[in-house]
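Participant: Quick check, what structure comes out for this input:
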Amino acid sequence: MPKFACQTCGSSFDIPQTSIDKYPGWKPKYCRQHSPKKRGASSGGSARGGKNRGGWGGGGSKREEHLTSAEVLAKYTGGPQTGVFTDGSSIPNPGPGGWGVVWVRDGEIQAEDHGHAAQTTNNRMELKALIEAFRMLPEDATETLHTDSRLCVDTVEKWAPGWERAGWTRKSGPIKNLDLVKELVALRRARPGCKLQWIAAHSGHRWNEYADSLATAWLREQG
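Facilitator: Numbering: from 1, shown residues only. I've put the predicted structure just below:
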């Protein structure tokens, strides 16, 4: 089997050739003990920092396949075929992370984008993905934006207006990630014809899986 040197501890480790062949261009950089997935699990969560897909994080389990976008398209066909799909995560949480957005119409990709942050949280990446999704659209757009974070939807659609009336404060304490929340609310208002909707994660929805793949592209790139 091919051998590699871990960039953290320097020890030699091997990876089956079949695994290498699954990800063309992949150059593993970490042994199992020091892989991002291992660090995420040891911090008390899943490979993506214990993210609860329905909210801001903490608890819950999720199935993570770390597929490339091409593999997602080959494996999944279900779910909505028109709209904008977003995802974001950090590994571990907090830690390095990424976000992804794909805009499709009748199953055809109109645009896509993704990014990476060296130090972030699941929450910030989910918000960042939605911000970039709204930026991708013209102000007269009438698209549905899909996110698998219920709390992102509730933050924008339910709670933010009250926080704003109260001078961007709330009785329970400071509003986390307020900079991104305010930016997202402004973009949402500038596109009144759009709809923000929750979608279940890892339920066979092709384009939700695709956005997830974009959000974790940085992880595959670093090995």
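
Participant: Mind checking which residue lies nearest the centre of this structure?
Facilitator: Nearest to the geometric centre of the chain sits Gly88, at 1.8 Å (Cα atoms, centre = their mean).

Participant: thinking Pro94 is in contact with Ala118, fair?
Facilitator: No. The pair Pro94 and Ala118 fails to qualify as a contact (Cβ atoms under 8 Å) at a distance of 10.8 Å. The C-beta positions use only the backbone N, C-alpha and C, and glycine is treated the same way.

Participant: neighbour count winner among those two?
Facilitator: Between Pro94 and Ala118, counting by other Cβ atoms under 10 Å, Pro94 is the more crowded of the two (16 against 8).

Participant: contacting residues around the closest residue to that one other than its chain neighbours?
Facilitator: Take Pro94 and drop its neighbours on the chain: the residue closest to it by Cβ to Cβ, 6 or more residues apart in numbering is Thr121, 4.6 Å away. Contacts here follow Cβ atoms under 8 Å, 6 or more residues apart in numbering; on that basis Thr121 touches 57, 90, 93-94, 97, 177.

Participant: Please repeat the previous calculation with a cut-off of 6 Å.
Facilitator: Shown in contact with Thr121 (Cβ atoms under 6 Å, 6 or more residues apart in numbering): 90, 93-94.

Participant: Which ones among those lie within strands?
Facilitator: Ser90 (DSSP state E).

Participant: Which of the contacts of Thr121 sits closest to Leu187?
Facilitator: Ser90 (22.0 Å; Cβ to Cβ).
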